[in-house]
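Student: pasting the sequence and the predicted coordinates here, then a few questions.
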Amino acid sequence: MFFTLITGGAGYIGTHTLIELSSAGFNFIVYDNLSNSSEKSLEKVKKIIKKDIFFINGDVRNKKKLREVFTNYNIDSVIHFAGLKSVAESVQNPLKYYDNNVVGTLKLLEVMQEFNCKKFVFSSSATVYSKVDIEKATPLNELSPTGKTTNPYGSSKYMIENILKDLYISDNSFKIAILRYFNPIGAHKSGIIGENPNGIPNNLMPLITQVAIGKRKTLKIYGSDYDTHDGTCIRDYIHVVDLANAHVKAIKYLNSKNDKFHPLCINLGTGKGYSVLDVIKVFENISGQKIPFDFADRRDGDIPECYADPSFAKEIIGWEAKKTLEQMCEDSWQWQSNNIDGY
Ligand code: NAD
Ligand code: UD1
């Protein structure tokens, strides 16, 4: 039996992807060091998929442990979610981010190469697009300028993309898909799994839901004088279940004989941009909760507008996002209100 190894599979996007992989008939093993998650998330996934999950508590930097996994199981592909993702923390502790994200990916690829496992799906981010250039170039397509990243987290993703491109040049039996996520929000419709940030969240949706549930008094909106329809920043929010489905399509693409782009690099977004005030308005309508807010100064590194041109994903892997901002808000709210303190 062949398995797909899911590194970071206990986390937010990983858990949602396990469900979609399971319904598509894939066998998988979760490999996670639980640095930003807990096994409770996997217990919930088991309830949803009504199956057991092979879980190994391990770090992707631990080659010895990875070798054991590759020796004991027939692993033919890897979806690599494992990584640290806080922009602010990466600025304070860049070495931790380069070690975990870049070194972690290198170790994993080395072991894959040793075991002749060559199919790799990587969680990248819209953050690799060059901020100075994209102010003028939305929607972003895969040929938009990349690289002038503004923080170590973004740089770690950009470095890994380049490592993957170089790896393919050196060994073109590798089949690689680089997926650039825009802004994942929402949760599974069951309401029993969702985003579970540690400490104070950095991203907009968990902050909104925490205000709605009464954990925080107000939301700070960073900037009210951007050149957008209401002065607040515009982003491309994508439902995490749509995002999860794209991983199934990406693995199927790598398994198919007609894969022609190497590495394949695709944007995962809806193609629609919503401002911070748009999101608040939709969330208030859906949840019936008022979200008090104050305007604050612009946040360093923010750009006015960032949304995807997702047409390449549709053309090549037959994927497009289906869920609306209303569904994203409804599912985020259901998760938060059913699980006030997360897992
Ligand atoms: P998450 O923190 O919920 O999940 C990441 C998982 O990886 C966690 O379970 C964590 O314990 C694990 N992990 C971290 N370092 C590890 C290591 N060295 N060895 C083994 N496991 C390790 O984050 P997420 O939101 O699910 O993101 C998944 C991936 O997608 C990350 O690589 C992230 O950078 C990327 N991404 C996320 C977003 C987003 O907004 N959530 C946007 C773009 C890209
Ligand atoms: C952030 C990360 C980016 C990552 C992406 C998806 C930063 C600088 N960038 O991008 O690397 O790929 O998440 O996870 O952190 N906002 C507020 N008040 C808040 C929080 C956010 O007004 O308290 C605004 C922001 O200014 C932004 C929008 O909400 O305009 C979305 O913010 P956020 O969820 O942090 O995502 P990004 O900034 O797009």
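Tutor: Cool, got the structure. If you're wondering where the values come from, they're calculated on a predicted model, not measured in any experiment. Ligands and ions are numbered 1, 2, ... in the order given.

Student: can you say which helix or strand has residue 30 in it?
Tutor: strand 28-32 (DSSP states H and E).

Student: tell me which other helices or strands that strand touches.
Tutor: Judged by 3 or more CB pairs under 8 Å, 6 or more residues apart in numbering; DSSP states H and E, the packing partners of strand 28-32 are strand 2-7, helix 12-23, strand 54-57, helix 63-72. From N, CA and C alone the C-beta is placed, and that goes for glycine too.

Student: so how far is the last one off the chain centroid?
Tutor: Right, the one you point to is helix 63-72. When C-alpha coordinates are averaged (CA atoms, centre = their mean, to the nearest Å), helix 63-72 and its chain have centres 25 Å apart.

Student: what angle do it and strand 2-7 make?
Tutor: Helix 63-72 runs at 160 degrees relative to strand 2-7, counting by axes from the mean of the first three to the mean of the last three CA atoms, to 10 degrees.

Student: ok, and for helix 63-72, which residues are buried?
Tutor: By neighbour count with 16 or more other CB atoms under 10 Å, helix 63-72 contains the buried residues 65-66, 69-70.

Student: could you list which of these also contact ligand 2?
Tutor: Subset of the buried residues of helix 63-72 in contact with ligand 2: empty, counting by CB under 6 Å from any ligand atom.

Student: circling back: can I get the strand holding residue 30 in PDB? Just the C-alpha atoms.
Tutor: Extracted in PDB, the C-alpha atoms of strand 28-32 (Å, rounded to 0.1, in the frame of the first residue of the first chain):
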ATOM      1  CA  PHE A  28      -1.700   9.000   4.500                       C
ATOM      2  CA  ILE A  29       0.500   9.300   7.500                       C
ATOM      3  CA  VAL A  30       0.700  12.500   9.600                       C
ATOM      4  CA  TYR A  31       4.100  13.600  10.700                       C
ATOM      5  CA  ASP A  32       4.100  16.600  13.000                       C
END
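
Student: which one of the residues in the stretch 201-343 of the chain is closest to ligand 1?
Tutor: Using CB to the nearest ligand atom, the single residue of the stretch 201-343 of the chain nearest to ligand 1 is residue 203, 6.2 Å away.

Student: same question for the chain.
Tutor: Residue nearest to ligand 1 within the chain: residue 11 (2.0 Å; CB to the nearest ligand atom).

Student: check contacts around the nearest residue to that residue once chain neighbours are set aside.
Tutor: Excluding its sequence neighbours, the residue lying closest to residue 11 (CB to CB, 6 or more residues apart in numbering) is residue 37, at 4.7 Å. Contacts for residue 37 (CB atoms under 8 Å, 6 or more residues apart in numbering) come out as 8, 10-12, 14, 196.

Student: wasn't residue 37 part of a helix?
Tutor: No. Under the criterion used here (DSSP: H, G, I helix; E, B strand; the rest coil), residue 37 is coil, not part of a helix.

Student: what separates it from ligand 2, distance-wise?
Tutor: The spacing between residue 37 and ligand 2, counted by CB to the nearest ligand atom, to the nearest Å, is 16 Å.

Student: next, count neighbours for the residue of the stretch 201-343 of the chain closest to ligand 1.
Tutor: The number of residues packed near residue 203 is 16, by other CB atoms under 10 Å.

Student: ligand 2 contacts on the protein?
Tutor: Proximity of the chain to ligand 2, by CB under 6 Å from any ligand atom, involves residues 87, 125-127, 153-154, 183, 202-204, 207, 219-222, 233, 235, 276, 299, 301-302.

Student: go again using 8 Å as the cut-off
Tutor: 85-88, 125-127, 150-151, 153-154, 181-185, 202-205, 207, 219-223, 232-235, 276, 279, 296, 298-302, 306 (CB under 8 Å from any ligand atom).

Student: among these, which ones are buried?
Tutor: For the residues of the chain next to ligand 2, a neighbour count by 16+ other CB under 10 Å gives the buried set as 85-87, 125-127, 150-151, 153-154, 181-185, 203-205, 207, 219, 221-223, 232-235, 276, 279, 306.

Student: thought residue 124 was touching residue 157?
Tutor: Yes. Using CB atoms under 8 Å, residue 124 is in contact with residue 157, at 5.0 Å.

Student: pick out whichever of these two has more residues nearby.
Tutor: Higher neighbour count among residue 124 and residue 157: residue 157, with 27 against 24, using other CB under 10 Å.

Student: list the buried residues for the helix or strand harbouring the more buried one?
Tutor: Using DSSP H and E, residue 157 sits in helix 152-170. For helix 152-170, the neighbour count (16+ other CB under 10 Å) marks 152-161, 164, 167-168 as buried.

Student: near ligand 1 at all, stretch 250-257?
Tutor: No. Residues of stretch 250-257 are not located near ligand 1 by CB under 8 Å from any ligand atom, the shortest gap being 13.3 Å.

Student: which residues does residue 205 contact?
Tutor: By CB under 8 Å, 6+ apart, residue 205 lies in contact with 185-186, 195, 237, 279, 328, 332.
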